[in-house]
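Student: model the structure of this input:
(chains A, B, C and D, ligands or ions: 4)
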Number of protein chains: 2
Amino acid sequence: MPSPTVENYLKALFQLAVPERGVSTRELAGRLLVKDASVTHMLKRLSGTGMVSYEPYRGATLTPEGRQAATAVLRRHRILELFLHRMCRLSLDKVHAEAERLEHAASEDFVDALDRLMDFPTLDPHGDPIPDREGRLRGIDSRPLTDIPPGARVVLVRVEDARPEALTYLVSEGLVPGRKVTVARRLDFDGSVELQLGRRRLMLARELAEGIHVTPDEGSAE
Amino acid sequence: MPSPTVENYLKALFQLAVPERGVSTRELAGRLLVKDASVTHMLKRLSGTGMVSYEPYRGATLTPEGRQAATAVLRRHRILELFLHRMCRLSLDKVHAEAERLEHAASEDFVDALDRLMDFPTLDPHGDPIPDREGRLRGIDSRPLTDIPPGARVVLVRVEDARPEALTYLVSEGLVPGRKVTVARRLDFDGSVELQLGRRRLMLARELAEGIHVTPDEGSAE
DNA sequence: GCCGAACTTTAGATTCCCCTAAACTTCCTT
DNA sequence: AAGGAAGTTTAGGGGAATCTAAAGTTCGGC
Ligand SMILES: [Mn+2]
Ligand SMILES: [Mn+2]
Ligand SMILES: [Mn+2]
Ligand SMILES: [Mn+2]
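Tutor: Ligands and ions are numbered 1, 2, ... in the order given. Purely as a prediction, here's the structure:
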């Protein structure tokens, strides 16, 4: 059984992966909040166990086994998050930290039981897809708020959970998956976006707007 | 935040405690499946942090802070066990191992949410009392099967979860909390007990019978 | 009161995971 | 084609938790 630390490395490697390129030492170190030297050390170890293919100075990639282990962690994480939010009523900005710990302790059996209890959901409470048991994950077509032309009416489908304080703020403004908003303005010089929320207007810095993914609101004519 | 290992030591110290006597190094080592030398090492560390009072060669006792931390772990453990059994349908002989890991990852908030979800239960699925938030735990008056005179009709209130294989066997025989049975015979020379289970009779070795706690069946006249 | 068995601690090593500081590689810019 | 900045690895060390082997303590039985 891989340690929590190893599971976190694998998950990060999976989430930072871009086709055709290895994930760099620095990138991983940044994500995991450890020093570069620690990452190098761990990559060698993971490479030794066959989870990662690693070429010094060239970055690392998951092997098929590593990928499977990584998506298993991601599946546990997201099912746990949804359970914590939907059934335990923990707020959207708290579930990530809790799931971050539970994901390493929860067995497949337990997580499958939660999955059944919630009737086999496909999205976590932040709008991220839940991998199936084989590690496949369905992409959702959505675009970041920063790509939407002014005037468009959209539905939030995903609100990234990377920076907890950012998420806390967005939750406090009601900007959670499912919420409908209108894009009022886009400031091209800094990439910030102004939203119309009912009668209020809210300015979002680019950083924030980039983490909010939306689709056109084709629903209820209102 | 104490590590999982430290939490396990505190919990064991709490559960092995007998009034007026320190818990011995060997006893702890046996319970935690580590060597005596490892226990000595840890006891010094715990003594340094004020969780344990430890006198070399004389055993160890929890301080008030240590006791509080220990009962908090026990509370998490038992609420998780009940949740896994009652809501996730995991079998009685599997919940302990799962809770043993989750207890170190689950926050008080999460566990309190489960507690509410299950309407503030007082007993775990093995019949052990769930400590309240202050660490108080209600004793249940029951006696081990080995103390019951032949002919008595009794209700199982507690089935110890120490040895997993034993529990698996008892579950397979339907010997779970709530089950009513009649004591058929008691073999004084080895302490084993024969039960009448409907039309079947079942012989239980002393080892097993000692871990089954019962009260007189005052319920339904049948 | 002593002696040995049972128990406990000490000493020294190992694994995992992290750190800092120094050396090394890569690759962009001039 | 350097030269240097950015990125990476190596070297050396530390804390947590474990182990084995050896030394020390306690205590019941004679
Ligand atoms: Mn994690
Ligand atoms: Mn999420
Ligand atoms: Mn445990
Ligand atoms: Mn239990």
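Student: my read: residue A:150 touches residue A:185, true?
Tutor: Yes - Residue A:150 lies in contact with residue A:185 (CB atoms under 8 Å); the separation is 5.4 Å. Glycine gets a C-beta too; all of them are placed from N, C-alpha and C.
Student: show me where pLDDT drops low in chain A?
Tutor: In the predicted model of chain A, residues A:219-222 satisfy pLDDT under 70.
Student: and the strands in it?
Tutor: A:52-54, A:60-62, A:143-144, A:153-159, A:180-187, A:192-197, A:200-204, A:212-216 (DSSP state E).
Student: turn these into a markdown table, including mean neighbour count and distance to ligand 3.
Tutor: Listed next are those as a markdown table, based on neighbours: other CB atoms under 10 Å in any protein chain shown; distance: least, CB to the ion, whole Å:
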| stretch | mean neighbour count | distance to ligand 3 |
| --- | --- | --- |
| strand A:52-54 | 21 | 30 |
| strand A:60-62 | 22 | 30 |
| strand A:143-144 | 16 | 42 |
| strand A:153-159 | 20 | 34 |
| strand A:180-187 | 17 | 45 |
| strand A:192-197 | 19 | 46 |
| strand A:200-204 | 14 | 43 |
| strand A:212-216 | 21 | 39 |
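Student: can you redo those as a markdown table with distance to residue B:167?
Tutor: Below are those laid out as a markdown table (distance: least, CB to CB, whole Å):
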| stretch | distance to residue B:167 |
| --- | --- |
| strand A:52-54 | 39 |
| strand A:60-62 | 39 |
| strand A:143-144 | 52 |
| strand A:153-159 | 44 |
| strand A:180-187 | 52 |
| strand A:192-197 | 55 |
| strand A:200-204 | 55 |
| strand A:212-216 | 48 |
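Student: so for DNA strand C, which of the ones you listed sits nearest?
Tutor: Nearest to DNA strand C, of all these, is strand A:52-54, at 12.7 Å by CB to the nearest atom of the strand.
Student: which other helices and strands does that closest one contact?
Tutor: Strand A:52-54 is packed against helix A:36-48, strand A:60-62, with contacts defined by 3 or more CB pairs under 8 Å, 6 or more residues apart in numbering or on different chains; DSSP states H and E.
Student: who does it pair up with?
Tutor: Using DSSP bridges, strand A:52-54 pairs in its sheet with strand A:60-62 (antiparallel).
Student: surely residue A:181 and residue A:157 touch.
Tutor: No - counting by CB under 8 Å, residue A:181 does not reach residue A:157; the two are 11.9 Å apart.
Student: which neighbours do those two have in common?
Tutor: residue A:214 (CB atoms under 8 Å, 6 or more residues apart in numbering or on different chains).
Student: distance between stretch A:172-182 and the chain's centre?
Tutor: Relative to its parent chain, stretch A:172-182 has a centroid offset of 17 Å by CA atoms, centre = their mean, to the nearest Å.
Student: again, but for stretch A:209-222
Tutor: Its chain's C-alpha centre and that of stretch A:209-222 lie 18 Å apart, by CA atoms, centre = their mean.
Student: likewise for stretch A:196-216?
Tutor: 18 Å.
Student: so does the helix ranked longest in chain A get close to chain B?
Tutor: With secondary structure taken from DSSP state H, chain A has its longest helix at helix A:64-86. Yes - applying CB under 8 Å from any CB of the partner chain, one finds helix A:64-86 touching chain B at residue A:84.
Student: direction-wise, compare that helix with helix A:36-48 and give the angle.
Tutor: Here helix A:64-86 runs at an angle of 120 degrees relative to helix A:36-48 (axes from the mean of the first three to the mean of the last three CA atoms, to 10 degrees).
Student: report the buried residues of helix A:64-86.
Tutor: Within helix A:64-86, the residues that count as buried by 16 or more other CB atoms under 10 Å in any protein chain shown are A:66-67, A:69-86.
Student: just list what that helix packs against, helices and strands only.
Tutor: Using 3+ CB pairs under 8 Å, 6+ apart: helix A:64-86 touches helix A:4-16, helix A:95-102, helix A:108-117.
Student: quick one: that helix to helix A:108-117, angle?
Tutor: Using the same axes, to 10 degrees: helix A:64-86 against helix A:108-117 is 50 degrees.
Student: need the CA coordinates for helix A:64-86. CSV is fine.
Tutor: Taking C-alpha atoms only, helix A:64-86 is exported to CSV below (Å, rounded to 0.1, in the frame of the first residue of the first chain):
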residue,chain,number,x,y,z
PRO,A,64,0.2,3.0,-16.6
GLU,A,65,0.3,1.5,-13.1
GLY,A,66,1.1,5.0,-11.6
ARG,A,67,-1.8,6.5,-13.6
GLN,A,68,-4.2,3.8,-12.2
ALA,A,69,-3.1,4.5,-8.7
ALA,A,70,-3.4,8.2,-9.2
THR,A,71,-7.0,8.1,-10.5
ALA,A,72,-7.9,5.8,-7.7
VAL,A,73,-6.9,8.4,-5.2
LEU,A,74,-8.7,11.1,-7.2
ARG,A,75,-11.8,9.0,-7.3
ARG,A,76,-11.7,8.5,-3.5
HIS,A,77,-11.1,12.2,-3.0
ARG,A,78,-14.0,13.4,-5.1
ILE,A,79,-16.5,10.9,-3.9
LEU,A,80,-15.5,11.9,-0.3
GLU,A,81,-15.9,15.6,-1.1
LEU,A,82,-19.4,15.1,-2.5
PHE,A,83,-20.4,13.0,0.5
LEU,A,84,-19.1,15.6,2.9
HIS,A,85,-20.9,18.3,1.1
ARG,A,86,-24.2,16.7,0.1
